[in-house]
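Okay, predicted coordinates and the sequence, questions at the end:
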Amino acid sequence: MRIAMIGTGYVGLVSGACFSEFGVEVCCVDKDAGKIERLKRGEIPIYEPGLDDLVARNVAAGRLSFTTELAEAMAGVDAVFIAVGTPSRRGDGHADLSYVYGAAEEIARHLDHYTVVVTKSTVPVGTGREVERIIRAARPDAAFDVASNPEFLREGSAIGDFMRPDRVVIGAGSDRAREVMRQLYRPLFLIETPIVMTALETAELIKYAANAFLAVKITFINEIADLCEKVGANVHDVAKGMGLDGRIGRKFLHAGPGYGGSCFPKDTLALVRTGQDHDSPVRIVETVVDVNDKRKKAMAQRVIDACGGSLAGRTVAILGVSFKPNTDDMRDAPSLDIIPALQTAGASVRAFDPAGMHEAAKLLPGVTWCEDSYQALDGADCVAILTEWNEFRALDLKRVKALLKRPVMIDLRNVYSPADMAAAGFTYTSIGRPAQANEDVAP
Ligand SMILES: NC(=O)c1ccc[n+]([C@@H]2O[C@H](COP(=O)([O-])OP(=O)(O)OC[C@H]3O[C@@H](n4cnc5c(N)ncnc54)[C@H](O)[C@@H]3O)[C@@H](O)[C@H]2O)c1
């Protein structure tokens with residue numbers, strides 16, 4: 001089989017490479033000529049573990065190629081996937097569908113045989129129908145069907161998520177389109193991955209409902225963490241005690257600085273707008289959006305409080321700026337709220353992130369970027385952990401203490417144990433846990 005993948009971002013590039021690993025011939029298209037040039041040279045424009053090997057292997061096997069020309073990519077394909085961005089539209093929070101509709105118009109120009117047009121981008125209910133209308137208006141006689149195939153991969157573990165997903169969701173109205181999709185995902189049928197076949201609208205809504213539910217779960221445990229701080233409870237143990245209930249589950253119950261990233265903030269907001277448009281408000285999600293925004297903004301105050309109420313003339317070391325570990329993605333990262341607020345409060349900021357600094361430097365002016373954690377700590381008044389990269393989990397605490405002017409750590413990811421930090425002589429602030437241990441008590 002042969003497909004074209006429009007958009008070589010986090011989703012398009014990973015999906016394209018993984019389909020080629022399934023044995024499909026894949027041509028990835030991007031209008032960003034620089035990105036395509038780099039891919040042709042064998043460079044991977046994003047940080048995603050394992051992606052370089054996967055791409056190299058499939059390029060060498062002749063199954064994966066890159067171009068800026070959609071006409072070339074669409075020659076003889078069974079399906080063309082739209083995997084372009086759907087950011088929040090400035091001002092109103094609706095998903096900006098201009099890239100999706102732009103791609104639909106371009107596809108219409110190159111359709112010359114039956115093709116399934118698949119939206120892999122996260123798009124609000126009704127977008128697939130509009131893609132269909134755009135193509136039909138431009139090409140009344142063209143043979144095509146539109147399908148929805150939302151993507152659930154997570155940055156940082158994207159390849160594993162694509163190759164061994166919890167489920168595949170396919171929304172399509174015709175048997176012919178469903179059959180093409182079934183063939184493309186055949187390797188996943190063979191390992192008995194649940195495939196949810198639905199109507200177009202249902203598939204589109206599944207993606208938003210899933211992301212919004214996860215955002216609700218995170219925000220719920222964050223508010224419970226705040227309550228824990230007031231009453232002397234430990235959110236880590238509360239989450240464990242809750243999560244062991246099979247109806248609840250342990251995942252996404254990690255208290256932190258508020259969700260960020262390329263999906264949850266924009267997708268929760270877009271779902272809120274869709275609900276309002278259809279006079280069916282999703283009030284839980286409206287509240288979650290509000291609570292999370294306020295939470296991210298309030299996090300800087302924790303750093304200020306830990307430093308005695310003022311950051312004037314102080315230096316703060318920041319470990320981690322990407323929105324989560326194992327990615328260089330900075331979209332809506334909590335660091336984008338926290339670091340400017342620290343600077344406004346008078347702090348100088350020294351920061352280190354294993355993969356995100358190149359992108360972050362464009363978004364966070366005035367930060368001194370360091371080569372490793374210890375360089376960032378050197379001479380700082382305190383350290384704040386914003387992203388739980390593995391390498392921040394095992395810092396040499398003696399060295400940390402020696403490098404800092406004061407042994408003050410603000411751990412917004414609960415990487416360390418309050419008991420260990422107290423024993424190491426740190427003034428330690430974390431999320432939803434008492435400063436001194438009543439943790440890890442043996443049964
Ligand atoms: N990033 C994630 O973890 C993730 C996970 C699941 C779903 N999604 C969804 O997938 C979609 C893509 O997200 P992403 O993070 O990969 O975006 P991205 O911004 O990393 O990549 C989008 C790419 O599309 C290209 N593009 C835009 N219009 C084009 C056109 N007409 N022709 C060719 N190329 C074009 C851009 O140049 C860019 O390289 C979004 O809807 C997102 O919500 C993302």
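Here it is on my side, so go on. Residues are numbered from 1 along each chain as shown.

what's the span of stretch 308-326, first residue to last?
33 Å (Cα to Cα, to the nearest Å).

Tell me which residues of the lengthiest helix in the chain come out buried.
Looking across the chain with DSSP state H, the single longest helix is helix 200-231. Residues of helix 200-231 classed as buried: 200, 203-208, 210-212, 214-222, 224-225, 228-229 (neighbour count, 16 or more other Cβ atoms under 10 Å). Quick note: C-beta positions are derived from backbone N, CA and C, even for glycine.

which parts of the stretch 51-200 of the chain sit against the ligand?
83-86, 99, 102-103, 106, 121-122, 151, 153, 155 (Cβ under 6 Å from any ligand atom).

Would you check which pair of these lies furthest apart?
Glu106 and Glu155 (26.4 Å; Cβ to Cβ).

more neighbours, the two?
Glu155 (25 against 18; other Cβ atoms under 10 Å).

Checking that one next. Helix, strand or coil?
Classification of Glu155 by DSSP: H, G, I helix; E, B strand; the rest coil places it in coil.

mind listing what it touches?
10, 48, 261-262, 324, 326-327, 329 (Cβ atoms under 8 Å, 6 or more residues apart in numbering).

Among those, which are located in helices?
The helices, defined by DSSP H, take in Tyr10 from those.

and of the contacts of Glu155, the nearest to Lys405?
Using Cβ to Cβ, the contacts of Glu155 come closest to Lys405 at Lys324, 29.4 Å.

wait, doesn't that closest one sit right on Ser157?
No. The pair Lys324 / Ser157 is not scored as a contact, 10.2 Å apart, by Cβ atoms under 8 Å.

okay, and the common contacts of the two?
Contact criterion Cβ under 8 Å, 6+ apart; no residue bridges Lys324 and Ser157 by contacting each.

The two - which one has more neighbours?
Using other Cβ under 10 Å, the more surrounded residue of Lys324 and Ser157 is Lys324, with 21 against 14.

wait, what's in contact with the more buried one?
Contact analysis of Lys324 by Cβ under 8 Å, 6+ apart lists 155-156, 260-261, 387-388.

Kindly provide the distance from it to the ligand.
Distance, Lys324 to the ligand, using Cβ to the nearest ligand atom, to the nearest Å: 10 Å.

what's the pLDDT at that residue?
Lys324 carries a pLDDT score of 96 in this model.

and it, what are its phi and psi?
phi -160, psi 170 (degrees, to the nearest 10).

just the one 10 residues further on next, same as before
Its backbone dihedrals place Pro334 at phi -50, psi -30, with angles given as degrees, to the nearest 10.

Unless I'm misreading it, it sits right up against Gly260, doesn't it?
Yes. Contact status for Pro334 versus Gly260: in contact at 5.0 Å, counting by Cβ under 8 Å.

Could you tell me which residues touch both of those two?
Common neighbours of Pro334 and Gly260, using Cβ under 8 Å, 6+ apart, are 296, 323.

Just the ones in strands from the residues of the stretch 51-200 of the chain next to the ligand, please.
Counting by DSSP state E, none of the members of these fall within strands.

Out of those, name the ones that lie in helices.
When these are checked against helices (DSSP H), the matches are 99, 102-103, 106.

Please pick the buried ones from the residues you listed.
99, 103, 106.

Make JSON lines from those residues and add pLDDT and distance to Phe189 to it.
Output for these, formatted as JSON lines (pLDDT from 0 to 100; distance: Cβ to Cβ, whole Å):
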{"residue": "Tyr99", "pLDDT": "98", "distance to Phe189": "31"}
{"residue": "Ala103", "pLDDT": "98", "distance to Phe189": "28"}
{"residue": "Glu106", "pLDDT": "98", "distance to Phe189": "31"}
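
would Val400 count as being in a strand?
No. Going by three-state DSSP, the assignment for Val400 is helix, not a strand.

My guess is it contacts Val383. True?
Yes. Taking Cβ under 8 Å as the definition, Val400 is a contact partner of Val383 at 6.9 Å.

shared neighbours of these two, anything?
377, 409.

Which of those two has more residues huddled nearby?
Neighbours of Val400 and Val383, each counted by other Cβ under 10 Å, are more numerous for Val383; the result is 27 against 20.

contacting residues for the more buried one?
316-319, 376-377, 400, 404, 408-410 are the contacts of Val383 under Cβ under 8 Å, 6+ apart.

the strands in the stretch 251-400 of the chain, which residues?
Secondary structure of the stretch 251-400 of the chain (DSSP state E, counting those that start in this stretch): strands at 315-319, 348-352, 367-369, 382-385.

Reformat these as CSV; add mean pLDDT and distance to Ala142.
Listed next are those as CSV, based on pLDDT from 0 to 100; distance: least, Cβ to Cβ, whole Å:
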stretch, mean pLDDT, distance to Ala142
strand 315-319, 98, 52
strand 348-352, 98, 51
strand 367-369, 98, 50
strand 382-385, 98, 54
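
Quick one: the ones you listed as TSV, columns for distance to the ligand too.
Listed next are these as TSV, based on distance: least, Cβ to the nearest ligand atom, whole Å:
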stretch	distance to the ligand
strand 315-319	23
strand 348-352	23
strand 367-369	23
strand 382-385	23
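
ok, of the contacts of Lys324, which one's closest to the ligand?
Glu155 (4.4 Å; Cβ to the nearest ligand atom).

Setting the sequence-adjacent residues aside, check what's closest to that closest one.
With sequence-adjacent residues excluded and distances taken as Cβ to Cβ, 6 or more residues apart in numbering, Glu155 is closest to Thr327, at 4.1 Å.

Also Ile170?
Setting aside the residues directly before and after it, Ile170 is nearest to Met181 in space (Cβ to Cβ, 6+ apart), at 4.8 Å.

Name the SS class of the one you found, please.
Under three-state DSSP, the three-state class of Met181 is helix.

Just give me the neighbour total for it.
By other Cβ under 10 Å, 24 other residues sit near Met181.

how near is it to Ala203?
11 Å (Cβ to Cβ, to the nearest Å).

Mutual contacts of the two, please.
Common contacts of Met181 and Ala203 (Cβ under 8 Å, 6+ apart): 149, 170.

just to revisit the earlier point, now do the contacts for the residue nearest to Glu155.
Listed by Cβ under 8 Å, 6+ apart, the contact partners of Thr327 are 10, 46-48, 155-156, 355-356.

ok, now Asp329?
Contacts for Asp329 (Cβ under 8 Å, 6+ apart) come out as 10, 46, 155, 261-262, 322-323, 356, 359.

Contact partners for Pro187?
Each residue near Pro187 by Cβ under 8 Å, 6+ apart is listed here: 22-23.

so Thr115 makes contact with Ala147?
No. Contact criterion Cβ under 8 Å: Thr115 and Ala147 do not qualify, at 10.7 Å.

anything in contact with each of those two?
Listed as contacting both Thr115 and Ala147 by Cβ under 8 Å, 6+ apart are Ala79.
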